[in-house]
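Participant: How does the following fold in three dimensions:
(chains A and B)
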Amino acid sequence: MKVVKFSVSLLVTVALILLLNNGWTIKNIPIPPLGKFLDPFHGFWQNIESEGQTFEGALDIAGLKAPVTVHFDSLMIPHIFAQNDDDLYLAQGYITAYHRLWQMEFQTHAAAGRVSEIIASDAVLNFDRSQRRLGMSYGAKRALKFMESDSVINHCVKKYTEGINRYIESLGYEDLPFEYKLLDYEPEAWTPFKCALQSKNLSKTLNIGDKDMEMTNALKLFGKEVVDLLYPDNENPGDPIVDNPGGWKFKPINIDTVALAMPTELIKIKKLPGPDPTTGSNNWAVAGSKTSTGSPMLSGDPHLTLSLPSIWYAIQLNAPGVNAMGVSLPGAPGIIIGFNDSIAWSMTNAQRDLVDWYKIQFEDQRKDKYLLDEKWIPTEKVVEAITVKGQPTFYDTVCYTYWGPVTYDETFRAENNLSGYAFRWIAHEQTEEVLALYKLNRAKNHADYMDALNHFGSPAQNFVFASVSGDIAMRIQGKFPVRRKEEGKFVLDGSKSSNGWQAFIPNDQNVAYKNPARGFVSSANQYPVDNTYPYFVTATSYEAYRNRRINDVLARTNSIKPQDLMRLQLDNYNLKAAESLPYFLSQLDSANLKGEELTAYLTLKNWDYFNHAESAGASYYEAWWDILMPMLWDEMSKEGVELQRPTTFQTIRLLKEQPTLNFFDIQETSEKETAREVLRESFSRAANHMSEFKAKHNDKVDWATYKGSYIGHLIPNMKALSVPVTTGGNHDIVNAHSTTHGPSWRMVVSLEKSGVKTWATYPGGQSGNPGSKHYDDMIDRWTKGQYFEMLFLKNSETTSPRIMTTTTLNPTTK
Amino acid sequence: MKLALQLIFIFLLAFVLELFLPWWFIAVAAFAGGALFNSKGNFLAGFLAIALLWTIKALLIESSAATTLADRVASIFMLNKPLLFLVMAILGGLVGGFAAMTGSALQGSKRRNYY
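Facilitator: Numbering: from 1, shown residues only, chains lettered A, B, ... in the order given. This is a model prediction of the structure:
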């Protein structure tokens, strides 16, 4: 034996294997274990599916009571037929995990503030800290408490969890979803707590908006009169969701206390980024009297940040007592938006203030005690341990008070060390959404729908409804605190418990109606109700344009066909432009425009107000608007003081009605500008900006190119796994597709007596695997505004040429 | 000739081991090939056997692929697909080559031929 040669080459071989079997971080860029990752027998190549690849999960699953039949259709949508509820949810968990395991785990890690375990960076650590300081897990623990206390839901969540875990247990390295291999980690066991976390994610996306601090600062800087002018409680663009004047015949709960004291301070914190105020959703239902079939039709069109793997997972669930289909949220049992043999339902977000901030006064810098009702009360300190990949654990102490967690203090985005801001949020309440959806999936009629919704607390939603029996309805459901006038608009004094929520609006006093005379119901995140509703209503903002366009089209269309509703979902009419552009153009010195400005002027003058993909006018208008807004409200961009710009609708109104408003003066110039000067200056800059854009993009100025929409992968900045798309629309337009947000599930249901028919599409695909053709196979049709007719099977024996494969999952005693 | 047989031996053994065991068992296959054959070019045989095995397997997967995941992965690493193949072949090849060299060093001299 050649000892030296042997030792040296052995050392090199072992070192190479170790080098290639472990992940490394070089200059902050994580490198996966290259040998493992590139090996075509186990690495990422194993995630590449072939053209005809079918379901390849195990067929024998412990925990099932009876065989479960699963048909996969041409879109890879599973149709699950079980003989009892337990098996149904176990199979749902198993099949969902088969397609979406990485996504559901990643999203619940994000909810719990645990992304640092996977990706180490300062931005991620800050994100994790904010999730913990907002009490996401604290809310999820309360949600879990309900899940465990209700025997039906306890079973359903446990079985769903079991299904996911059966799948996880079946995986070797080569079977792991692609992202685990890329980021070099492994899935952990699923728990019911993760189901609860997933529902908090939805609450955070939809119900966390507030402007309390911004309004408090505006009050201090500008005074109450200006605050009322810039931020009215109701902008009254017309068409609230439920217009039922005088129809509120109940005795409202009256909170009889002295008027709330107005705050007088300037808050210097760096607020966490809130949800995008321009996102929203559409839904509506049309009565049989207005349709070509004589049966009701329903449209569901939730708008969210579009991502891959897709937000939604389409599925049909069938067991004794239930035959429902629609979209589910991977990680939550049941169907969230969809239809069954008898009814259909969908949701849009209910705009309502469900967040309050309370100023906390600590006794001293140790923060052991805080003032409440003239007594020093001990804080409850929770030490959050954030595991960071490849680095020491980060510890963050969060103080909990009577109100909730103290999100902001001197260690996190605030300066003052004797006060902090505590967060009271509806998603911290114990609520029962899973039960509401369980019942809604099984509802047969309007009464069942009303009963199911009584359990729905958060996130508050506008629930549209239609039934085969001929009813249409709308109900704004959630847990809404009864508010005194002005309550919730400003930061509250946290030293008085009387400043808290005293009561919730009883379910039967929530805004709702059924079969209105106009023959349709609709919602698009606008103001909820006419002004005879007896409760004080406030929110961060209300939608002002989509809702009026939808109602306008529905009111003047009769003998409606499903295709008409699809066309309306795809409607690109820019009502905001129609209401503002003629005025804007009239303010320009149009006779003296030259060059690029003249081109811009003529393009805009000849524009038809439709944000179609190929429209150049839309590009010029949106560019102008995006430059105009910050110029108009330059007063709102103060260093270190959070302020919020007035809404689009209010801005346009003020430009027209009060063109000499002080705010329109540009602060950095010595002259005094009015609306006219700001419009001219912003127009000139926009024309210049467009000419630069044109030069950089081969003379292209069409709206789709200018908008540059894409569907991003959930891993931040992972461009290689994202998909660019070419579409029209924008926020404030019915087809609400902006650069990154948009229609996440377009659904049209016709509730015919001979059988419910549904057409739908979403921007993604059933598989979360970027190596599967079902990762993005629906995007093309979605982009073109085309729909798929959903295959909705009566029972497991129903045959269809669209069933591609059928699998039977069998119980095993293993 | 001996080198060719050694190469084929490593290729086949590595293929069989990879079906059941983690990726680094390619080193065990190459080690065995080096020890049993001890040709004039142990490193070359080990390198080529694994580089070929991985390239062929990856090409087979690519030939029936319904998607462009390999291109996406290449772009994550700021490469193109041919370069991704090259990196893969070189890394696998290096492990194979050094492992074969190690195996061959087990034998002191040329006193024993396996065939």
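Participant: tell me what the biggest strand by length in chain A is packed against?
Facilitator: Using DSSP state E to define each element, chain A has its longest strand at strand A:803-812. Applying 3 or more Cβ pairs under 8 Å, 6 or more residues apart in numbering or on different chains; DSSP states H and E, one finds that strand A:803-812 makes contact with strand A:60-62, strand A:68-73. For every residue, glycine as well, the C-beta is placed using N, CA and C.
Participant: Parallel or antiparallel, list what pairs with the first one.
Facilitator: Pointing back at strand A:60-62 there. Neighbouring strands of strand A:60-62 in its sheet, by DSSP bridges, are strand A:803-812 (parallel).
Participant: thinking again about what came up before, burial-wise, tell me which of the helices and strands packed on strand A:803-812 comes out on top.
Facilitator: Greatest average neighbour count among the helices and strands packed on strand A:803-812 goes to strand A:68-73 (a mean of 22), per mean count of other Cβ atoms under 10 Å in any protein chain shown.
Participant: how far is that one from where the chain is centred?
Facilitator: Its chain's average C-alpha position is 30 Å from that of strand A:68-73, according to Cα atoms, centre = their mean, to the nearest Å.
Participant: one step back: for the helices and strands packed on strand A:803-812, which one sits closest to residue A:395?
Facilitator: Of all those, the one in closest proximity to residue A:395, counting by Cβ to Cβ, is strand A:60-62 (39.6 Å).
Participant: who's in contact with the closest one?
Facilitator: By Cβ atoms under 8 Å, 6 or more residues apart in numbering or on different chains, the list of residues contacting strand A:60-62 from outside reads A:90, A:94, A:163, A:166, A:809-814.
Participant: Looking at the residues you listed, which gets the smallest pLDDT?
Facilitator: Confidence by pLDDT is poorest for residue A:814 among the contacts of strand A:60-62, given 56.
Participant: near chain A, which residues of chain B show up?
Facilitator: Of all the residues in chain B, those in contact range of chain A (Cβ under 8 Å from any Cβ of the partner chain) are B:18-19, B:22-24, B:26-27, B:31, B:54, B:57-58, B:61-62, B:64-67, B:69-70, B:72-73, B:75-76, B:84, B:87-88, B:91-92, B:94-95, B:98-99, B:101-102, B:105-108.
Participant: Next, name the residue at the spatial heart of chain B.
Facilitator: Among the residues of chain B, the smallest C-alpha distance to the mean C-alpha position (Cα atoms, centre = their mean) belongs to residue B:50, namely 1.0 Å.
Participant: quick one on the thing from earlier: please pick the buried ones from the residues of chain B next to chain A.
Facilitator: When neighbours are counted using 16 or more other Cβ atoms under 10 Å in any protein chain shown, these contain these buried positions: B:18, B:22-24, B:26-27, B:31, B:54, B:57-58, B:61-62, B:65-67, B:69-70, B:72-73, B:75-76, B:84, B:88, B:91-92, B:94-95, B:98-99, B:101-102, B:105-107.
Participant: Now residue 23: closest residue in space that isn't a chain neighbour?
Facilitator: Using chain A here. Excluding its sequence neighbours, the residue lying closest to residue A:23 (Cβ to Cβ, 6 or more residues apart in numbering or on different chains) is residue A:184, at 3.8 Å.
Participant: Not quite, go with chain B.
Facilitator: On the basis of Cβ to Cβ, 6+ apart, the spatially nearest residue to residue B:23 that is not a chain neighbour turns out to be residue A:39, at 3.7 Å.
Participant: quick one, what contacts the one you found?
Facilitator: Taking Cβ under 8 Å, 6+ apart, we find residue A:39 in contact with A:45, B:18, B:23, B:26, B:54, B:92.
Participant: Poorly predicted segments of chain B, please.
Facilitator: In the predicted model of chain B, residues B:108-115 satisfy pLDDT under 70.
Participant: max-length helix in it?
Facilitator: helix B:81-104 (DSSP state H).
Participant: and that helix, what other elements does it pack with?
Facilitator: In this structure, helix B:81-104 makes packing contacts with helix A:3-21, helix A:34-38, helix B:2-20, helix B:25-37, helix B:42-63, helix B:69-76, judged by 3+ Cβ pairs under 8 Å, 6+ apart.
Participant: Just say helix, strand or coil for the closest residue to chain B within the stretch 351-500 of chain A.
Facilitator: Of all residues in the stretch 351-500 of chain A, the one sitting closest to chain B is residue A:389 (18.0 Å; Cβ to the nearest Cβ). Using DSSP: H, G, I helix; E, B strand; the rest coil, the three-state assignment for residue A:389 comes out as coil.
Participant: now residue A:283
Facilitator: Counting by three-state DSSP, the three-state call for residue A:283 is strand.
Participant: Contact partners for it?
Facilitator: Per Cβ under 8 Å, 6+ apart, neighbours of residue A:283: A:298-302, A:346-348, A:462, A:464, A:522-524.
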